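A.B. asks: Sequence and predicted model, in that order:
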Amino acid sequence: MMVLGVLAFVVALVTSVMLHEAGHFLTARLFKMKATQFFVGFGPTLWSKVKGETEYGVKAIPAGGFVKIVGMTPLEEVAPADRERAFINKGGWQRFVVLVAGSTVHFVIALVLFFVLLVAWPTVIHGPGQVAGVQDCITNSASGACEPGATPAPAKGVLQKDDVILAVNGQKVVHGVDDVGAMIRDASAGSIVFTIDRAGKTQQVTVNPVQFEGKPRVGINIEDAPSATLDRVGAGSAFTGAFTTFGQTFVGSFKAMGAVPHEVGQVLSGSQGKRSITADSGSGSAQVTSVVGVAQISGEAFKAGGWSGGLATLIGITASVNLFVGIFNLFPFLPLDGGHVAILAYEKARDRWRRRRKLAALGPVDLAKLMPVTYGALAVIVGIAAIVLYADIANPVANPFQ
């Protein structure tokens, strides 16, 4: 099952790449641009077939894909017969649509997969939450270790492991972990009163939260109570829930990007500790991992949860990866699509400014002058990817399903 999970993720990833390129290809065709190649992968060609004016094929290195559109940059020589259909000679809004089509496809894939996950698998907890453990201090450390000078956990000595949380400040807990976490985060300044069931006896306890990174924290780990039940949501709720999950994952993607410098620094300094994927609703932490690490997690999911659990995890992972790639691909530097969008926006803003001053519009930006910056950006991207890949091989992410 482990191998099956890894292969399933590889297939999902390659499919996502194909759909990304199809977004560019179909919008280019829509605007009568000439696309001469549609390939999955890079390097030597393993298979190809010419149909019409386009060569379709697969290359040896499955690390992406590309669509060759005639006249994609001013550096390219365009035959006189193709000038009218060249990308560079089309209107600005048409070029913009083609450039962002790949990321748009990733976003649509993510939304569809989040919807499928919510409709097809039980995801809504009905019932109370439960204290899984009480921390010694307030920390974001995955290990729970307290650093010198850390703030003691307010819940220590007040709440106990296995306490069932029935209500928070008089508000009934209906959806387990989600409700308890939200109620603690939304608590105003002052005490938090927990109504709990401890060994069959209902009682109330008071905890005085502390502010940590701008949020009230009490120092407990929460899980769904054994009495809680799982249920599916309807199509309407799944539709709105997909957008909610999309937004949460969107924020999480930026947190993961923000954690990259720290991750790289730890790898380079040799001080990287045990890596893990956690789901702490209070910490908002993010873990950086490569395709190898994600494939490993997918494999572990199939091994631990069988077909149903593995497939659910695969769908969630694939949705998150698509969203991350869609965002990253729009970053405004070459060779990413966002770099081409930034150049297009600059050209349009520059020419608009010149027209207002009765000056002639200038031609396309000289990309030859930008090549050193492009090579530098590409080197940074490849370098960071290699470092994170090394971390996933030398220090794999801990199995989150154990």
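C.D. replies: Received the coordinates, thanks.

A.B. asks: Correct me if wrong: residue 123 contacts residue 234.
C.D. replies: No - using CB atoms under 8 Å, residue 123 is not in contact with residue 234, being 11.8 Å away. Glycine gets a C-beta too; all of them are placed from N, C-alpha and C.

A.B. asks: Looking only at neighbour counts, state which of those two leads.
C.D. replies: residue 123 (17 against 10; other CB atoms under 10 Å).

A.B. asks: biggest helix in the protein, by residue count?
C.D. replies: helix 291-328 (DSSP state H).

A.B. asks: tell me what the helix or strand following that helix is packed against?
C.D. replies: Going down the chain from helix 291-328, the next helix or strand is helix 337-356, by DSSP states H and E. Contacts defined by 3 or more CB pairs under 8 Å, 6 or more residues apart in numbering; DSSP states H and E place helix 337-356 against helix 92-120, helix 367-394.

A.B. asks: Could you chop this protein up by domain?
C.D. replies: Under the assignment automatic domain parsing, the domains of the chain span 108-123+232-402, 125-231.

A.B. asks: got CSV for these, with mean pLDDT too?
C.D. replies: Below are the domains of the chain laid out as CSV (pLDDT from 0 to 100):
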stretch, mean pLDDT
domain 108-123+232-402, 81
domain 125-231, 88
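
A.B. asks: Tell me which of these lies nearest to residue 69.
C.D. replies: Residue 69 lies closest to domain 108-123+232-402 among these, at 11.1 Å (CB to CB).

A.B. asks: Assign the residue of the chain most remote from its centre to helix, strand or coil.
C.D. replies: Using CA atoms, centre = their mean, the residue of the chain lying farthest from its centre is residue 358. It sits 45.9 Å away. With DSSP: H, G, I helix; E, B strand; the rest coil as the basis, residue 358 sits in coil.

A.B. asks: How about residue 102, nearest residue that isn't a chain neighbour?
C.D. replies: Residue nearest to residue 102 in three dimensions, not counting chain neighbours: residue 20, with 4.3 Å by CB to CB, 6 or more residues apart in numbering.

A.B. asks: Ok, residue 264 next?
C.D. replies: Among residues not flanking residue 264 along the chain, residue 387 sits closest, at 5.2 Å (CB to CB, 6+ apart).

A.B. asks: That neighbour contacts residue 265, doesn't it?
C.D. replies: No - in this structure residue 387 lies outside contact range of residue 265 using CB under 8 Å: 9.7 Å.

A.B. asks: the more surrounded of those two?
C.D. replies: Taking other CB under 10 Å, residue 387 and residue 265 do not tie; residue 387 has more neighbours (19 against 12).

A.B. asks: List the buried residues for stretch 373-388?
C.D. replies: Across stretch 373-388, burial judged by 16 or more other CB atoms under 10 Å covers 377, 384, 387, 388.

A.B. asks: Could you do stretch 5-17 as well?
C.D. replies: Buried residues in stretch 5-17 (16+ other CB under 10 Å): 5, 6, 8, 9, 12, 13, 14, 16, 17.

A.B. asks: do the same with stretch 112-129
C.D. replies: Applying 16+ other CB under 10 Å to stretch 112-129 flags 113-115, 117-119, 121, 123-125, 127-129 as buried.

A.B. asks: Next, format those residues as a markdown table and append distance to residue 258.
C.D. replies: Formatted as a markdown table, these follow (distance: CB to CB, whole Å):
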| residue | distance to residue 258 |
| --- | --- |
| 113 | 24 |
| 114 | 23 |
| 115 | 28 |
| 117 | 26 |
| 118 | 27 |
| 119 | 32 |
| 121 | 30 |
| 123 | 28 |
| 124 | 31 |
| 125 | 30 |
| 127 | 35 |
| 128 | 34 |
| 129 | 29 |
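
A.B. asks: check contacts around residue 251.
C.D. replies: Listed by CB atoms under 8 Å, 6 or more residues apart in numbering, the contact set of residue 251 is empty.

A.B. asks: Only C-alpha atoms, please: export the helix or strand containing it in CSV.
C.D. replies: Assessed by DSSP H and E, residue 251 sits inside helix 235-258. Output in CSV follows, covering the C-alpha atoms of helix 235-258 (Å, rounded to 0.1, in the frame of the first residue of the first chain):
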residue,chain,number,x,y,z
ALA,A,235,-23.5,19.6,-1.6
GLY,A,236,-24.4,23.2,-0.6
SER,A,237,-22.4,23.2,2.6
ALA,A,238,-19.5,21.4,0.7
PHE,A,239,-19.5,24.2,-1.9
THR,A,240,-19.1,27.0,0.7
GLY,A,241,-16.8,24.7,2.7
ALA,A,242,-14.5,24.2,-0.3
PHE,A,243,-14.0,28.0,-0.5
THR,A,244,-13.4,28.2,3.2
THR,A,245,-10.8,25.4,3.0
PHE,A,246,-9.3,27.1,0.0
GLY,A,247,-8.8,30.3,1.9
GLN,A,248,-7.3,28.6,4.9
THR,A,249,-4.9,26.6,2.7
PHE,A,250,-4.1,29.8,0.8
VAL,A,251,-2.9,31.4,4.1
GLY,A,252,-1.1,28.2,5.0
SER,A,253,0.8,28.3,1.7
PHE,A,254,2.2,31.7,2.5
LYS,A,255,3.2,30.5,6.0
ALA,A,256,5.0,27.6,4.4
MET,A,257,6.8,30.0,2.0
GLY,A,258,7.7,32.2,5.0
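
A.B. asks: Would you mind listing the buried residues in it?
C.D. replies: Buried positions in helix 235-258, judged by neighbour count with 16+ other CB under 10 Å: 238, 241, 242, 245, 246, 249, 250, 252, 253, 256.
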